[in-house]
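Undergrad: Dropping the sequence and predicted coords here.
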Amino acid sequence: MNERDTEHMLAELKEKENYIATDDFKSADLILINTCSVREKPVAKLFSELGIFNKKKKEGAKIGVCGCTASHLGREIIKRAPYVSFVLGARNISKITEVLHKPKAVEIDINYDESEFAFKDFRSSKYKAYINISIGCDKSCTFCIVPKTRGDEISIPMNLIVDEASRAVSLGAKEIFLLGQNVNNYARRFSGNHEKTNFTKLLQNLSKIDGLERIRFTSPHPFHMDDEFIQEFAKNPKICKSMHMPLQSGSTKVLQDMKRGYTKEWFLNRVQKLREMVPDVSISTDIIVAFAGESEKDFEDTIDVMNQVKFEQVFSFKYSPRPQTEAEFFPDVIDSDTASARLTRLQELHIKQLDEKNASKLGNIYEVYFEELYNDGFVSGRSDNNIVIKVKGSEELLGEFKDVKIISIGRTVLTGEIIK
Ligand code: SF4
């Protein structure tokens, strides 16, 4: 989502102010830091990076802090780092060209409605197009700061999404990637009057676009994974068969404390339904270990889900309390050694499961959509079910689909050869 927000800001800056992107910050007239605040570490990193940029930047260059930490800390950022030129919240990015000319501007209104703003076009990849379908989040997971930084959930009208996707396809993208905090809660609320609809209908409408071959999305919420949605996922050939299902914890008690809205049994039931209908689906997840009050038994429940599901990818973290969240002052904080030991055990289990899964892929054939050129004579892409595969080749492969046979196994990237 931050990557797409960055693309939107670059587009506005290019069209309205004639800026072009550079990787060399020492020669830049404007340095933007687009921040995350989901965990504590990136926030601490912001201030150390700001110090470095301020010391080494070109004379007169501006520094802007954008994104979720901008929403959450607001003016405090300028107090701690007075050389910062402006602060722009995650829900105010359409104002990027305004704040540029307002010294010390702080625009962080989380009720600001950008759902129908016509952002100019800019994409960092011409092969894959990120498209926002909603902004904000209406859930109140007790550990999560996002509703406080991105505001209430509001969906982008379907006609705007379909137009944006069609435009991206006409410019060469064969894959689109739909983004939202809870994509399968799409159409919960619009800012204007719009026909009642849902995520399944959005997927069906997008699938009608000629030249669009693949649709991915993130993140669906396990609570909203009803049968209609899973059936559409299974039968629509344009929808890539990889599903991100943020588990967070395998313990129903911890899920209740987190206010996630589902149980361990519901999660496993949805996985079973998915696997029955799409046997080769790959499933990724997010897991927080050592949430406040997580007992050994609760943690064993998470390990049990890991053993039953055997996820293809796991984004796992130790719980870090975030400000303005309900869980910030929860008692029964887990000590750091226990939290680290649990995280290590979970990650080692995942690596073992991943190695076993990957070993079985040797000799398999996958259709790969190539989108990235490495500088060592390889080009990489993804299979429909999200396996990253590289082959020897050059840029003619970019934007092409090829059948690839796996000839060697790595942990995150498999190597193959093109067979047709
Ligand atoms: S669903 Fe929960 S974890 Fe996800 S963004 Fe919303 S509040 Fe945060």
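TA: Happy to help now that I have it. Just so it is clear, the structure is predicted and the values come from calculations on it, not from any experiment.

Undergrad: tell me what the longest helix along the chain is packed against?
TA: Criterion DSSP state H: the longest helix present in the chain is helix 336-359. Contact partners of helix 336-359 among helices and strands, from 3 or more C-beta pairs under 8 Å, 6 or more residues apart in numbering; DSSP states H and E: strand 282-289, helix 296-309, strand 313-318. Every residue, glycine included, has its C-beta placed from N, CA and C.

Undergrad: List phi and psi for K390.
TA: Main-chain dihedrals, K390, degrees, to the nearest 10: phi -120, psi 150.

Undergrad: so how far is K402 from it?
TA: 12 Å (C-beta to C-beta, to the nearest Å).

Undergrad: what does F47 give?
TA: Distance, F47 to K402, by C-beta to C-beta: 46 Å.

Undergrad: more neighbours, the two?
TA: Higher neighbour count among F47 and K402: K402, with 20 against 14, using other C-beta atoms under 10 Å.

Undergrad: Whatever helix or strand the more buried one lives in: which residues count as buried?
TA: Using DSSP states H and E, the element containing K402 is strand 401-408. For strand 401-408, a neighbour-count test (16 or more other C-beta atoms under 10 Å) marks K402, V404, K405, I406 as buried.

Undergrad: before we move on, what about stretch 266-278?
TA: Within stretch 266-278, the residues that count as buried by 16+ other C-beta under 10 Å are W266, F267, L268, R270, V271, K273, L274, V278.

Undergrad: Count the neighbours of the closest residue in space to Y369 that isn't next to it in sequence for me.
TA: Distances taken as C-beta to C-beta, 6 or more residues apart in numbering place G381 nearest to Y369, at 4.9 Å, with adjacent residues excluded. Residues lying near G381 (other C-beta under 10 Å) number 27.

Undergrad: pretty sure G381 is touching F370, no?
TA: Yes. Contact criterion C-beta atoms under 8 Å: G381 and F370 qualify, at 3.8 Å.

Undergrad: any common contacting residues for those two?
TA: Common neighbours of G381 and F370 (criterion: C-beta atoms under 8 Å, 6 or more residues apart in numbering): L397.

Undergrad: Got the domain ranges for the protein?
TA: Listed domain ranges for the chain are 2-107, 128-359, 365-418 (source: automatic domain parsing).

Undergrad: Quick one: closest of the ones you listed to the ligand.
TA: Proximity to the ligand (C-beta to the nearest ligand atom) singles out domain 128-359 among the domains of the chain, at 3.1 Å.

Undergrad: Now the closest one: average pLDDT?
TA: For domain 128-359, mean pLDDT is 97.

Undergrad: How far away from the center of its chain is that domain?
TA: Between the centre of domain 128-359 and the centre of its chain there are 9 Å (C-alpha atoms, centre = their mean, to the nearest Å).

Undergrad: any residue of it up close to the ligand?
TA: Yes. Judged by C-beta under 6 Å from any ligand atom, domain 128-359 comes into contact with the ligand at C137, K139, C141, C144, V146, P147, Q181, N182, H221.

Undergrad: Helices of the stretch 51-200 of the chain, start to end?
TA: In the stretch 51-200 of the chain, the helices defined using DSSP state H, counting those that start in this stretch lie at 68-73, 76-80, 96-99, 146-150, 158-170, 199-207.

Undergrad: just those helices: most buried one?
TA: Scoring the helices of the stretch 51-200 of the chain by mean neighbour count under mean count of other C-beta atoms under 10 Å gives helix 68-73 as the most buried, with a mean of 26.

Undergrad: Packing partners of that one?
TA: strand 30-35, helix 40-56, strand 86-89, helix 146-150.

Undergrad: just the ones you listed: most buried one?
TA: strand 86-89 (a mean of 26).

Undergrad: Can you give me the neighbour number for K104?
TA: 12.

Undergrad: surely it meets I78?
TA: Yes. Contact between K104 and I78 holds when scored by C-beta under 8 Å: they sit 5.8 Å apart.

Undergrad: that older thread, output the strand holding K402 as CSV, nothing but the C-alphas.
TA: C-alpha atoms of strand 401-408 as CSV (Å, rounded to 0.1, in the frame of the first residue of the first chain):
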residue,chain,number,x,y,z
PHE,A,401,4.4,-15.8,-20.1
LYS,A,402,6.5,-19.0,-20.4
ASP,A,403,6.3,-22.6,-19.2
VAL,A,404,9.3,-23.2,-17.0
LYS,A,405,10.7,-26.5,-15.6
ILE,A,406,12.3,-26.3,-12.1
ILE,A,407,15.9,-27.5,-12.2
SER,A,408,17.2,-26.3,-8.8
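
Undergrad: tell me the angle of that strand relative to helix 336-359?
TA: Counting by axes from the mean of the first three to the mean of the last three C-alpha atoms, to 10 degrees, strand 401-408 lies at 110 degrees to helix 336-359.

Undergrad: Counting by contacts, list what the very next helix or strand once past strand 401-408 packs against.
TA: The element immediately downstream of strand 401-408 (helix or strand, assigned by DSSP H and E) is strand 414-418. The helices and strands touching strand 414-418, judged by 3+ C-beta pairs under 8 Å, 6+ apart, are strand 388-392, strand 401-408.
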